[in-house]
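>>> 3D, please:
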Amino acid sequence: MALQAIAAAAAVVGTGYSIYSGEKARKANKKASTQARADADTAARQADREMNRANQKTPNIAAMMKRNALTSSSGVGGTYLTGQGGAPVASGMLGRSTLLGR
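Reported below is the predicted structural model:
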């Protein structure tokens, strides 16, 4: 009977150790997985930065100058505030030539 009790106790201890070591391994795997995911995200961000640095966009100055020349030759220039016709010059504006003084 004592031998059976010792065997049962050994089985319980063995089962307990298996559960403990399994949980320990699960936590270690979870930590490693989280770290790997963080490392992958960091590597992806770094690759994006390097790609953007290598492929910097530059303005097309010739096209901008051509567009400005075409719009300036079409008449009075306007702004977003005044529109195409520009600001009207009326006697009631007291020397101001913009619509900001309204």
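>>> Tell me the first helix or strand C-terminal of whichever strand or helix holds residue 31.
Taking DSSP states H and E as the definition, one finds residue 31 inside helix 2-54. Counting by DSSP H and E, the element after helix 2-54 in chain order, helix or strand, is helix 61-72.
>>> mind exporting that next one as PDB, just the C-alpha atoms?
Provided in PDB are the C-alpha atoms of helix 61-72 (Å, rounded to 0.1, in the frame of the first residue of the first chain):
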ATOM      1  CA  ILE A  61      10.600  73.400 -61.700                       C
ATOM      2  CA  ALA A  62      10.400  73.700 -65.500                       C
ATOM      3  CA  ALA A  63       6.700  72.700 -65.400                       C
ATOM      4  CA  MET A  64       6.000  75.100 -62.600                       C
ATOM      5  CA  MET A  65       7.600  78.000 -64.400                       C
ATOM      6  CA  LYS A  66       5.700  77.100 -67.600                       C
ATOM      7  CA  ARG A  67       2.400  77.000 -65.800                       C
ATOM      8  CA  ASN A  68       3.100  80.300 -64.000                       C
ATOM      9  CA  ALA A  69       4.000  81.900 -67.400                       C
ATOM     10  CA  LEU A  70       0.800  80.700 -68.900                       C
ATOM     11  CA  THR A  71      -1.400  82.000 -66.100                       C
ATOM     12  CA  SER A  72       0.300  85.300 -65.900                       C
END
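>>> tell me the mean pLDDT for it?
In this model, helix 61-72 has a mean pLDDT of 83.
>>> Name the residues of it that come out as buried.
For helix 61-72, burial by neighbour count (16 or more other CB atoms under 10 Å) applies to no residue. All C-beta atoms are positioned from the backbone trio N, CA, C, and that covers glycine.
>>> other SSEs contacting that helix?
Packing partners of helix 61-72 (3 or more CB pairs under 8 Å, 6 or more residues apart in numbering; DSSP states H and E): none among the helices and strands.
>>> how near is residue 45 to residue 54?
15 Å (CB to CB, to the nearest Å).
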